[in-house]
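J.: got a predicted model here, sequence first, then my questions.
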Amino acid sequence: MQQALGLSKPAGAVLLSDGYEAYASYTKKIGIINAQCWIHSRRGFFEANDAEPQGAAEALSQIGALYEIEEDIRLRYQQRQA
């Protein structure tokens, strides 16, 4: 991974990845932020539903709102490109 991504810390760098542990280890070593994609983060809230249904429902609702915003941005971008 270090050969592909490098060992220096680019200013303001954030690595968007899935939940693969190697990415977490790499970003910790380099000192950059590891931002997981919403799909992988969202899964944890589904799994937490039995233990904390109210909190899980709120988190999933907020993530759903973010998906709606992303879709709106995507549609506006497509309209501008047409």
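T.: Structure received. Numbers count the residues shown, from 1 in each chain.

J.: am I right that residue 9 is in a strand?
T.: No: counting by DSSP: H, G, I helix; E, B strand; the rest coil, residue 9 is not found in a strand; it is coil.

J.: residue 30 is in contact with that one, correct?
T.: Yes: between residue 9 and residue 30 there is a contact under C-beta atoms under 8 Å: 5.4 Å. For glycine as for every other residue, the C-beta is placed from the backbone atoms N, C-alpha and C.

J.: need the residue closest to the centroid of the protein.
T.: The centre of the chain sits closest to residue 37, judged by C-alpha atoms, centre = their mean, with a distance of 2.5 Å.

J.: next helix or strand past the strand or helix carrying residue 23?
T.: Per DSSP states H and E: residue 23 is located in helix 21-30. The C-terminal neighbour of helix 21-30 among helices and strands, as given by DSSP H and E, is strand 33-36.

J.: distance of the residue lying farthest from the centre of the chain from residue 74?
T.: Distance from the C-alpha centroid of the chain peaks at residue 82, with 28.9 Å (C-alpha atoms, centre = their mean). For residue 82, the distance to residue 74 (C-beta to C-beta, to the nearest Å) stands at 13 Å.

J.: residue 57 too?
T.: In this view, residue 57 and residue 74 are 26 Å apart by C-beta to C-beta.

J.: repeat for residue 7
T.: 34 Å.
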